[in-house]
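*Asks:* Structure here, sequence nowhere to be found:
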């Protein structure tokens, strides 16, 4: 077994308190064995825990990830050959939702709608590294936390596999979703700027192979710092870079053709269904593993598409590919350029493009849903969906030549 | 092997054409790791191994389809299949995947082979071979008819020199950052990095990075004018610290007029004395001299300080002719812009020449579509100060600008810097690419967007010293970081100064003052983007993520 280690780049340390009493958990049976005494529970910011009356809890230390998540590097698990770090999504935000400033006791006093809680904030430290508030934010989620439906959609997407990939589409599997204790939620709901969130407060406990995203929301991203990503992943030879790029290509193309891979025909209802992306994007919602495999992290936006006929299916496969392929190819180009720069093959742009196309051909050689048609610098992909491929296949362009 | 012949063989291979190389040529190129040779029987074996590719591919695809269809939701539409054949499909997939991998490797190797008629064998380029092909494509015209090994050695020395400069710059940066942590300087790592790289092109010898960093600090903390930004102050300190200590007069022995020390000390009372002597009286005298005459008497303090620092090395030989020259240049340019004046003071061009050349340069930038402004004005001066004939301005800029325009906000300055180098535009761009590779590989940057600027400093510094002609050796690698970078071996691309001006210490000035100074100015503008970049990378409020942050 060759283990692909989990990797993470430095970010702020984050103290949390793990609570078990009063929580509600909905778990993924495939990862039930992970839900042990040392991990199970909800993770809340210390100040929120304190304001909620300090219910029984255990200290936990994480590394900030994105604006409302944390990695728990002490908890690492193997799924197949990939090592993952356990992460919590919805454990409090770092930044004010309306101004470019970090949370502080002063900010919280400004948005607190409960005089007694506001009074309690007079005696706390000014620096507040993280807090969960009751502002009704994107959709129905509380700012810094997670809503029940979003969390459960993530879990449902994860339940479509017992591993970490759905027909070649690699995901950050959800281990469990957890509802926060009532008292904690009550306190959080008293903080908001404009619109109060009235729902329950949930979190996702998920597995991440790294905290290196494609372009946004990480201290280190493939798009902004490709050379540093190469260094972090020890990509110091042409062979290693080629293998990394092939994994990136295979997984990124799997993401852009997710619907085709998961397409099924429901004879009862006389319609097709498959997975699609709803307001989630590769650039900020996916992370790159140490071997280059792109893992989609934000499964709350991975839901079923329904198509009444083959035309609707073909149209959506086409739309899904072109909606996401720019971000995927940006990452591929970034890695190829960084490889060329790092290895000193600096002047042959045409060579680099050919090399990238060769990597792509190798990357999808065994992909059951893609066939490559290459003519010089032109490369077309034939997308052959999982069912009724004779009626639903389409051609899409990687490069027009 | 002759360089031209080797290039012919390598470039034909790169184009997958029969290179028609003799057995001796093949043997030498293989020995140098530029080629791989495959015999005809081995090629046949590869072809056999690769022939199973389609079959292996189909097996993998079929097995994966079976496995994927067997999984799905536990209930409802598209529920999991019975899974009876799962184990068999998994076993098939494992075997087929191994076969696919072997066939793919054989096919990739096979497709890289090119038949070579004279030897009856097959050849393919190595990574090193590709690098050398690229190098020769650009440089061979400059090398003339020399042996291939000599050509490779020259390019390797150029690349090695870039790597060594960065190694030294990193050491100086580390020292500057150590100081920054324990003092009140606040210059930050990116500024220290730029400063350090400039200091690797300084004159002088046998100094440790810590010594250089301490000298920068001593100068930096004694610049009193509050108008100056941190970047400005660090630039002034860097320029002064880059002056070859050996060029300075001994302590107390120097006076510009033979009289007493100047009454007002710009740098305070501290004495900056190192091996050769103090810089303070030199700087003060020049500052005093410039400030006392028009048009510099009405210069903004920041500009005057910058100009003084960038010309201080020339003042060691006396300030009066230098001030006179600066006044003459400023008159010809119609500006007191420190970049323009500093560059042109050092050039050998007369005031009349300067006016004409500056006009031609401005016109060339206008034809590229750049509106008049500070960047174009400075860039025109840089170009006017070069050794180029004016007829070369426009075509050189036209060759460089399309590439540089996308990389630099102050692209005209970068255009002018590379256009003025003693190489063709293609060669300048290639060296810029080498330097980008070195900066990236050495991780000598914080944000990726710093890479091109730092590479520009490196390119200009290296090419001003013209290492391809063999005049400049890479700095040594021992305890003394500047061993081997003897000042006398440095050569600027610009003409020597007029007789009687500046005397010997043009060494650092030629590299730092006239050529790299505008590069650093260009970088200062860039720093404006940094805080914005830091902000957008992690904060939810950016253009795409406001409504979709999750």
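*Replies:* Ah, there it is. Note that this is a predicted model, so its numbers are computed, not measured.

*Asks:* any idea which element the residue of the stretch 1-150 of chain A with the smallest separation from chain B lies in?
*Replies:* Nearest residue of the stretch 1-150 of chain A to chain B: residue A:67, at 5.1 Å (C-beta to the nearest C-beta). Bear in mind the C-beta positions are built from the backbone N, C-alpha and C, glycine included. Assigning secondary structure by DSSP states H and E places residue A:67 outside every helix and strand.

*Asks:* do the one 10 residues further on as well
*Replies:* Residue A:77 is part of strand A:69-79, with elements assigned from DSSP H and E.

*Asks:* Poorly predicted segments of the stretch 251-400 of chain A, please.
*Replies:* The model of the stretch 251-400 of chain A has pLDDT under 70 over residues A:346-347.

*Asks:* change it to 50
*Replies:* For the stretch 251-400 of chain A, no stretch is flagged by pLDDT under 50.

*Asks:* What parts of it come near chain B?
*Replies:* Contact residues, the stretch 251-400 of chain A versus chain B (C-beta under 8 Å from any C-beta of the partner chain): A:261-262, A:264, A:266, A:268-269, A:273, A:279-281, A:283-285, A:298, A:300-301, A:338, A:340-348, A:351, A:358, A:362, A:365-368, A:386-387.

*Asks:* contact partners of stretch A:130-137?
*Replies:* A:14, A:16, A:44-45, A:47-48, A:64, A:90-94, A:97, A:103, A:108, A:111, A:142-145, A:188-198, A:201 (C-beta atoms under 8 Å, 6 or more residues apart in numbering or on different chains).

*Asks:* One more: stretch A:234-247?
*Replies:* Residues outside stretch A:234-247 that contact it (C-beta under 8 Å, 6+ apart) are A:230, A:233, A:289, A:291-293, A:332, A:335-336, A:339, A:342-343, A:355-356, A:359, A:362-363, B:127.

*Asks:* Need the residue closest to the centroid of chain B.
*Replies:* Closest residue to the average C-alpha location of chain B: residue B:455 at 2.1 Å, with C-alpha atoms, centre = their mean.

*Asks:* you'd agree that one is up against residue B:436?
*Replies:* Yes - the pair residue B:455 / residue B:436 is scored as a contact, 4.3 Å apart, by C-beta atoms under 8 Å.

*Asks:* any idea which helix or strand of chain B has the worst average confidence?
*Replies:* One helix or strand of chain B scores below all others by mean pLDDT, DSSP states H and E: helix B:506-508, with a mean of 31.

*Asks:* Check which helices and strands the longest helix that chain B contains sits against.
*Replies:* Scanning chain B for the helix with the most residues, using DSSP state H, yields helix B:148-181. Secondary-structure packing of helix B:148-181 (3 or more C-beta pairs under 8 Å, 6 or more residues apart in numbering or on different chains; DSSP states H and E): helix B:3-14, helix B:127-143, helix B:188-199, helix B:209-220, helix B:425-441, helix B:451-464.

*Asks:* what element comes up after the first one heading to the C-terminus?
*Replies:* Proceeding N to C from helix B:3-14, the next assigned helix or strand is helix B:23-31, under DSSP H and E.

*Asks:* and that following helix, what's its mean pLDDT?
*Replies:* Average pLDDT, helix B:23-31: 95.

*Asks:* now check stretch A:73-92, is it near chain B?
*Replies:* No - using C-beta under 8 Å from any C-beta, stretch A:73-92 stays clear of chain B, with a minimum separation of 8.6 Å.

*Asks:* can you pull the buried residues of that stretch?
*Replies:* Within stretch A:73-92, the residues scored as buried using 16 or more other C-beta atoms under 10 Å in any protein chain shown are A:75, A:77, A:79, A:82-92.

*Asks:* which of the residues you listed sit farthest apart?
*Replies:* Maximum pairwise distance among the buried residues of stretch A:73-92 (C-beta to C-beta): 27.7 Å, between A:82 and A:92.

*Asks:* Residues in contact with stretch B:111-129: which ones?
*Replies:* Contact with stretch B:111-129 is made by A:238, A:343, A:345, B:10, B:12-14, B:16-23, B:26, B:29, B:32-40, B:43, B:46, B:109, B:133, as judged by C-beta under 8 Å, 6+ apart.

*Asks:* from the middle of its chain, how far away would it be?
*Replies:* Stretch B:111-129 has its C-alpha centroid displaced from the chain centroid by 35 Å (C-alpha atoms, centre = their mean, to the nearest Å).

*Asks:* what mean pLDDT does that stretch have?
*Replies:* 94.

*Asks:* do stretch A:135-143 as well
*Replies:* Here the average pLDDT along stretch A:135-143 is 86.

*Asks:* For the stretch 201-350 of chain A, just list every one of the helices.
*Replies:* Assigned by DSSP state H, counting those that start in this stretch, the helices in the stretch 201-350 of chain A fall at A:226-232, A:238-256, A:258-262, A:282-285, A:310-343, A:349-363.

*Asks:* typo on my end, it should be the stretch 51-200 of chain A
*Replies:* Using DSSP H, counting those that start in this stretch, helices in the stretch 51-200 of chain A cover A:105-111, A:115-120, A:148-158, A:182-188.

*Asks:* for the stretch 251-400 of chain B, same thing?
*Replies:* Using DSSP H, counting those that start in this stretch, helices in the stretch 251-400 of chain B cover B:280-291, B:301-311, B:320-333, B:338-346, B:351-367, B:374-385, B:390-404.

*Asks:* Report all helices and strands that the fourth one contacts.
*Replies:* If I follow you right, that is helix B:338-346. helix B:301-311, helix B:320-333, helix B:351-367, helix B:374-385, helix B:517-526.
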